[in-house]
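A.B. asks: Compute the structure for the input listed below.
(chains A and B)
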Amino acid sequence: MPEPFFLISSFQLKTMEYNPREIEQKWQQYWATNKTFTASNNSELPKYYVLDMFPYPSGAGLHVGHPLGYIASDIIARYKRLQGFNVLHPMGYDSFGLPAEQYAIQTGQHPALTTEQNIARYRQQLDRIGFSFDWDREVRTSDPAYYRWTQWIFIRLFDSWYNRQNDKAEPISQLVSIFEQHGFQGAEAQVLTGGIERDVQAFSADEWKTFDEKKKMEVLMNFRLAYLDDSWVNWCPALGTVLANDEVKDGVSERGGHPVERKLMKQWSLRITAYSERLLRDLDTIDWSDSIKEAQRNWIGKSEGASIRFDLVGHAETIEVFTTRPDTIFGVSFVVLAPEHELVSKITTSQHKAVVENYITYAKNRSERERQAEVKNVSGAFTGAYVKHPFTGKLVPVWIADYVLAGYGTGAVMAVPCGDQRDFVFAKHFDLPIPAIMEGVDISEKADPTKEAKLINSDFLNGLTGYEAIRVCIAKIEASGFGKGKVNYRLRDAIFGRQRYWGEPIPVYYKDGIPYCVEENDLPVTLPEVDKFLPTETGEPPLARAANWKHQGKYEYETTTMPGWAGSSWYFLRYMDPKNQSAFASREAMAYWNQVDLYIGGAEHATGHLLYFRFWTKFLMDFGFIEFAEPAKKLINQGMIQGVSKIVYRINGSNKIVSRNLRDKYETSPIHVDLKLADGDVINVEELKKWRDDFASAEFILEEGQLLCTSEVGKMSKRWHNVVNPDDLCDSVGADTLRLYEMFLGPLEQHKPWDTKGIEGTSRFLKKLWRLFHNENGFAVSDETASPEELKALHKAIKKVVEDIDRYSFNTVVSTLMICVNELSDLKCNKRSVLSELVVLVSPYAPHIAEELWSKLGNRNSVSFAKLPEFNPAFLVEDSITYPIQFNGKLRFNLDLPSALTPAEIEKEVLANEQTQKYLEGKLPKKIIVVPKRIVNLVV
RNA sequence: GCCCGAGUGGUGAAAUGGUAGACACGAGGGACUUAAAAUCCCUUGGGCAGAAAUGUCCGUGCCGGUUCGAGUCCGGCCUCGGGUACCA
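C.D. replies: Numbers count the residues shown, from 1 in each chain, chains lettered A, B, ... in the order given. Presented below is the predicted three-dimensional model:
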């Protein structure tokens, strides 16, 4: 029996229609099977390395905001391939971290298992968007084959010190041989520990030789780049772990928002402070956004000044202060120590002991958050002790106050109330003197921190401005021997230990209480099995639960694990040679791939990951493993895609939902409802009833027959019911459409709310593109010669697409392609020569449809390695140009003129024009500006 | 407080000192269709005049400046984001 006619006809219709689902599946399979995007480490081609910040695989999966940066980087990767580069474009997972562990604590499921599941889901979602990642190079930070090398780098850090003479890290063995030959000079050879200059006691070479191993190890610990020391840490009781400074926001933990307190704990730290100056200086060599660079500069916080010693009256010790204003030294009226300062207990007189101890207890028990919130409250206590002013010899009282921080400078300041507002407020509050040392400056109400005024009452500095006096004073201080010029950094050493399970074990064991690193051959130290992922009853980290977990069966392992940022500090190198068993990556691979050319990721990592990432790179360079000081030449921070949430209002104490504009008449509470229930501001009431059980029986108070909601722009999250899933969009409109739309939304760096409605535009664009190649009978392109109009439309697009991609203006490229397709459609162009080039031009953005059309055009190879069309200006040459004619900068009319005219001829033509005469109203123009090929402006 | 970034139609936005609002979404009108979907065409910053073609004025957060010409450059504010904050 013959098929009914309409069935056949509708089938035929189908084959000429653009069917993204079929096409996308086909080409994703093709790329996987043919390993199209495998990058070679042995290539004659120039290299290009484009990297995304790899994701933490969370249980929630991807929403449309996550792939934004990946799409942009994929476009660049594909574009660079078209330009003939050997492109490294890898992806992996930052798979250690807190959420998996919190989930494990709640459910008992091993974090390795949930992480595995989450990764599988991420991979599925990523694959559907058609990225050209080289998956053979995937890395996972939680994979022992990976973290073996993270541990290896830790050992290198442990085995290193920072040689200030050579300004680089060197093996600790070198320091040992210095000690063996010259001993250590002490005071003048200070070492950095946690941002505080601390003296290690001097010893001679002979003394060094008499030290036993324990003593030697203790001394060396002061110099190692990975070291164990008592440090003030951000302790988060709720999470049961310490946090790095960048993991604390507003006195609470960044993850979870739990309170954080200061606590002195023995901790592994990394001496990033040794690199402060280089981290600051090298910012000038990289093309990162100003805001990120500025954030890093502030975080490093360089300040120049002097450290000055004040002799204590009746004690052998001195108080060392750091100041950026040595010029104001004659304005000192008291000295303030941090409550934690080590001299406090020693110098406090018996008379003041009770008050001081009280104050210390008070200060200690204030949480970071309270302390920050109560900045305005002045508090402190007098110790009863005095120091001598180094120049005048006058007695200066010593106070303690928590406005002085233990962790910055020396934990002590010289207070100059006339020049520093904090000192001023303190002096007023405790009725301390406010000496005037600046000529003609009113200090009755507030301090004057500027350096313009001439100094008075300042002995040898009298008559100088602050600017001049700083240099003079430092010279005098140095000559007198009670201080020296000094640079201070706000940057602190990075606390490296976490009291958590799901992280890299720190490869350290303890013998006689002394920490030793595990031998390289014994790496990796893998995570042991534990019965629970909780701290022990005695408060030790989860790893302390592991039964019989001992090095060589004898020695206790370190039980803290590395922080989340450990694995991500060097992953860009592992991608270069991910399977290497004998090194973290081969020197050849690292020499070839070199720096990341383009790095794309979120701006929230400004002072965390991006700083550690630079730090480790410099460290590895110091040891000659790599030849570059910066990991990424260019960084782009993609903006956040915000979610739009929809809110309805329920009348309190009832089950009545009231429309937006009527809600003022009642007491209402807002309820976030699923984004899908709203069409603009109109809620689909029937769907709403089905969405939540209690709404089924709700009463609805409508306006003009509709229930209106309000909208809010914020984070996209399950909690607000506004998550848009890329999978759904791949199903409905296809990955190519999604890719185009994400780019079309606006500049990559900008934050923008997601609105799925606009996606129709890019979907129509692809259908239109498809139709250029097809007629009602199917695929139909012509081999005729292209017309000048067609070539012009194409080459206009080639020019702008290339220009715009080169300046990372991804959104305007989409517009350009749309314009080109619109123009070619109007011209009914189906010429092979034009369409072939158009397909290549479109392919970085919409790779699946491009592959399909490319193969239909008869090509055997993937469009991924086609040649980028070359712009030919000849096709854009015009016989005539439409000049806008302005009078005093205001546009009056347009005039077509031959493009060959000289400016003088243009001027003549314009003046001869009758419309010109009309607007001149008989007057003569004062001046005529002719910008060839652009504009004419007559000044009347 | 300090440091960065941003303010343009109903919406997302474009315009690298040279025609402000390209390209889209939405909206309105029309064509095709029995109808719908899809597709195509027209209108769409505001005011004023006009039946219309059209003309004209205003308009890029506000106030000034530089320039023949400013959304764009400079100075001073305002608002909104982001970062940071007793850092001596």
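A.B. asks: all contacts plus neighbour counts: C-alpha atoms, from now on.
C.D. replies: OK.
A.B. asks: how near is the residue sitting nearest the centre point of chain A to A:G97?
C.D. replies: Nearest to the geometric centre of chain A sits A:H605, at 2.7 Å (CA atoms, centre = their mean). To A:G97, A:H605 is 15 Å away according to CA to CA, to the nearest Å.
A.B. asks: next one: A:D287
C.D. replies: A:D287 is 30 Å from A:G97, by CA to CA.
A.B. asks: the more surrounded of those two?
C.D. replies: A direct count of neighbours by other CA atoms under 10 Å for A:D287 and A:G97 places A:G97 higher, at 24 against 15.
A.B. asks: contacting residues for the residue of the stretch 801-940 of chain A found nearest RNA strand B?
C.D. replies: Of all residues in the stretch 801-940 of chain A, A:S815 sits closest to RNA strand B, at 3.6 Å by CA to the nearest atom of the strand. Residues near A:S815 by CA atoms under 8 Å, 6 or more residues apart in numbering: A:F744.
A.B. asks: mind checking which helix or strand it is in?
C.D. replies: Assigned by DSSP states H and E, A:S815 belongs to helix A:810-826.
A.B. asks: One more: A:K484?
C.D. replies: strand A:483-489.
A.B. asks: The nearest residue to A:T318 once chain neighbours are set aside: neighbour count?
C.D. replies: Distances taken as CA to CA, 6 or more residues apart in numbering put A:D311 closest to A:T318, at 4.5 Å, once the chain neighbours are dropped. Neighbourhood size, A:D311 [other CA under 10 Å]: 19.
A.B. asks: Tell me if A:D311 really is in a strand.
C.D. replies: Yes. Looking at A:D311 with DSSP: H, G, I helix; E, B strand; the rest coil, it is inside a strand.
A.B. asks: Could I get the contacting residues of it?
C.D. replies: A:E317, A:T318, A:I319, A:V387, A:K388, A:H389, A:P390.
A.B. asks: mind listing what's buried in the strand holding A:K484?
C.D. replies: A:G483, A:K484, A:G485, A:V487, A:N488, A:Y489 (16 or more other CA atoms under 10 Å).
A.B. asks: Give the next helix or strand downstream of that strand.
C.D. replies: strand A:494-495.
A.B. asks: Tell me if that following strand is near RNA strand B.
C.D. replies: No. Using CA under 7 Å from any atom of the strand, strand A:494-495 stays clear of RNA strand B, with a minimum separation of 13.9 Å.
A.B. asks: Show me the shaky parts of chain A.
C.D. replies: A:1-15, A:187-199, A:367-369, A:372-373, A:375 (pLDDT under 70).
A.B. asks: Could you chop it up by domain?
C.D. replies: A:19-151+A:565-637, A:160-223, A:302-489, A:641-714, A:733-875, A:878-939 (automatic domain parsing).
A.B. asks: Spit out the contact partners of A:K394.
C.D. replies: Contacts of A:K394 (CA under 8 Å, 6+ apart): A:K388.
A.B. asks: Distance of it relative to RNA strand B?
C.D. replies: 20 Å (CA to the nearest atom of the strand, to the nearest Å).
A.B. asks: just to revisit the earlier point, need the residues that contact the helix or strand that the helix holding A:S815 is followed by.
C.D. replies: Using DSSP H and E, the helix or strand that follows helix A:810-826 towards the C-terminus is helix A:832-842. Residues lying outside helix A:832-842 but in contact with it, judged by CA under 8 Å, 6+ apart, are A:773, A:781-786, A:790-791, A:794, A:798, A:801, A:817, A:850, A:853-854, A:857, A:863, A:866-869.
A.B. asks: ok, now stretch A:107-124?
C.D. replies: A:57-59, A:61-62, A:93, A:95, A:100-101, A:103-104, A:502, A:532-533.
A.B. asks: Buried residues in that stretch, which are they?
C.D. replies: A:H110, A:P111, A:A112, A:T114, A:T115, A:N118, A:I119, A:R121, A:Y122, A:R123.
A.B. asks: now stretch A:642-652
C.D. replies: Those would be A:Q642, A:G643, A:V644, A:S645, A:K646, A:I647, A:V648, A:Y649, A:R650, A:I651, for stretch A:642-652 by 16+ other CA under 10 Å.
A.B. asks: what's near enough to touch the second one?
C.D. replies: A:G643 is in contact with A:V713, A:G714, A:K715, A:M716, A:S717, A:N722, A:V723, A:P753, A:W754, counting by CA under 8 Å, 6+ apart.
A.B. asks: Swap in 7 Å and give it another go.
C.D. replies: By CA atoms under 7 Å, 6 or more residues apart in numbering, the residues touching A:G643 are A:V713, A:G714, A:K715, A:M716, A:N722, A:V723, A:P753, A:W754.
A.B. asks: wait, which of those is closest to RNA strand B?
C.D. replies: A:P753 (6.7 Å).
A.B. asks: and A:T538, what element?
C.D. replies: A:T538 belongs to no helix or strand, assigned by DSSP H and E.
A.B. asks: whoops, A:L769 was the one
C.D. replies: helix A:759-772.
A.B. asks: Just the buried positions in that helix, please.
C.D. replies: A:I759, A:T762, A:S763, A:F765, A:L766, A:K767, A:K768, A:L769, A:W770, A:R771, A:L772.
A.B. asks: Return the distance of stretch A:548-568 from the chain's centre.
C.D. replies: Distance of stretch A:548-568 from its chain centroid, counting by CA atoms, centre = their mean, to the nearest Å, is 28 Å.
A.B. asks: Stretch A:526-540 too?
C.D. replies: The answer for stretch A:526-540 is 32 Å, by CA atoms, centre = their mean.
A.B. asks: Residues in contact with it: which ones?
C.D. replies: So stretch A:526-540 is contacted by A:A104, A:I105, A:P144, A:Y501, A:P505, A:P541, A:P542, A:L543, A:A544, A:R545, A:A546 (CA under 7 Å, 6+ apart).
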